[in-house]
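**Student:** Quick check, what structure comes out for this input:
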Amino acid sequence: MNFSHILSEILRGQWAIEPQTALSHSSLVASLISGKSENFQPRSEFNHLVSAGSGIATTSNFKDAPAGSVAIIPVKGTMMKYGTMCSYGTEEIAAYFSDALASKKIAAIVMDIDSGGGTVNAISPLANLLSSKSKPVVALCDTAASAAYYVASASDHIMADNNLSAGFGSIGVVTSFVDMQPFYEMQGVKFHTIYAKESKDKNLAFEKALKGDYEMMQDEILSPLARQFQNHVKQSRGTKLKAETPGILTGKMFFAEDAQEIGLIDSIGNMQKAIEKALLLADVKKFMNS
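**Tutor:** Model (predicted):
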């Protein structure tokens, strides 16, 4: 099982992720680095979940759903752009999302989100789709942190699925890397990095970070991404967002009731209420277009 691109993202990528989520994967990182994969479970088939009338059903594809259905698109776990044998990437989720938007049987969509975030490049497949969506989208969330909140904020309505564990925020960007060079140097390994004379700026921020100087990495890579994240949330949430709240745009997490108070979310409910809200928004859209 090839996990090379997962390990690459872990070791070099920029992440928009809640720290607890990142730390929870420490055993995964250790297994990947050691080359062990026997404990990984293959992913299950993607279920085309829809709600039509009472209950939630599985259909072979969204084209076969009953007319007026609500498609339920899961965004669960750590978000990465590309799928693996164990999980779906946001590119794949966006493809299912696009199928739901294209189906005449689907009236609206509920994104079922429970994620502490993920890689920065995992955001765009879903965010780009949401920016030009043709049907109402409700984000029903347990945890929607960092990259997951970025995606949720582009929906028409954000609903917490409970007022106990549901958390929102962690609006920020982080990168980390492991410098194994000193360890190998102690084993007698010598490293040589040679740049062309014409390439004096190539990898300069990273080279400085290796020496403990993080300012260039912050200024040129992380801060621009963080500011873009903040601007996206402010634009998406509009006047509902109490942007002056301490910590709201700088990485703090908020539980459901506080999140609703400061405008990070719109309501607290459950799956049934999210489906009802999605259908109501579909009816309003239909009326406005008639």
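**Student:** now the end-to-end length of stretch 173-193.
**Tutor:** With C-alpha to C-alpha, to the nearest Å as the measure, the ends of stretch 173-193 fall 28 Å from one another.
**Student:** try stretch 114-127
**Tutor:** Note: stretch 114-127 ends 16 Å apart using C-alpha to C-alpha.
**Student:** Helices of the protein, residue ranges please.
**Tutor:** Assigned by DSSP state H, the helices in the chain fall at 4-12, 19-24, 26-34, 90-102, 123-131, 147-152, 181-186, 204-210, 215-217, 223-237, 256-261, 271-289.
**Student:** just so I know, which of these lies nearest Met111?
**Tutor:** helix 147-152 (7.0 Å; C-beta to C-beta). All C-beta spots, glycine's among them, are computed from the backbone N, C-alpha and C.
**Student:** helices and strands around that closest one, which ones?
**Tutor:** Identification of packing neighbours for helix 147-152 by 3 or more C-beta pairs under 8 Å, 6 or more residues apart in numbering; DSSP states H and E yields strand 14-17, strand 106-115, strand 117-119, helix 123-131, strand 137-145, strand 167-169, helix 223-237.
**Student:** CA atoms only: put it into PDB for me.
**Tutor:** What follows is helix 147-152, C-alpha atoms only, in PDB (Å, rounded to 0.1, in the frame of the first residue of the first chain):
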ATOM      1  CA  ALA A 147     -10.000  23.800   6.800                       C
ATOM      2  CA  ALA A 148     -13.300  22.200   7.600                       C
ATOM      3  CA  TYR A 149     -14.700  25.500   8.800                       C
ATOM      4  CA  TYR A 150     -13.300  27.200   5.700                       C
ATOM      5  CA  VAL A 151     -15.500  24.900   3.600                       C
ATOM      6  CA  ALA A 152     -18.500  25.100   5.900                       C
END
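**Student:** Now do that helix: everything it contacts.
**Tutor:** Helix 147-152 has contacts (C-beta atoms under 8 Å, 6 or more residues apart in numbering) with 15-17, 75, 79, 111, 113, 115-120, 122-123, 126-127, 130, 139, 141, 144, 158, 168-171, 229, 232-233, 264.
**Student:** Could I get the average pLDDT for it?
**Tutor:** Helix 147-152 shows a mean pLDDT of 96.
**Student:** for stretch 282-290, same thing?
**Tutor:** Stretch 282-290 comes out at a mean pLDDT of 88.
**Student:** Pull out the buried positions in that stretch.
**Tutor:** Using 16 or more other C-beta atoms under 10 Å as the test for burial, stretch 282-290 gives Ala282, Lys285.
**Student:** can you pull the alpha-carbon coordinates of it into CSV?
**Tutor:** Only the C-alpha atoms of stretch 282-290 are listed here, as CSV (Å, rounded to 0.1, in the frame of the first residue of the first chain):
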residue,chain,number,x,y,z
ALA,A,282,-34.8,25.3,-1.9
ASP,A,283,-38.4,26.4,-1.8
VAL,A,284,-37.3,30.0,-1.2
LYS,A,285,-34.9,29.8,-4.1
LYS,A,286,-37.6,28.3,-6.4
PHE,A,287,-40.0,31.1,-5.4
MET,A,288,-37.5,33.8,-6.0
ASN,A,289,-36.7,32.5,-9.4
SER,A,290,-40.4,32.0,-10.4
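**Student:** For stretch 77-94, buried residues please.
**Tutor:** Those would be 77-84, 87-94, for stretch 77-94 by 16+ other C-beta under 10 Å.
**Student:** Ok, which of the helices and strands packed on helix 147-152 comes nearest Asp179?
**Tutor:** Across those, closest to Asp179 is strand 14-17 (C-beta to C-beta), at 17.2 Å.
**Student:** Surely Val138 touches Asp161?
**Tutor:** No - under the criterion of C-beta atoms under 8 Å, Val138 is not in contact with Asp161, lying 10.8 Å apart.
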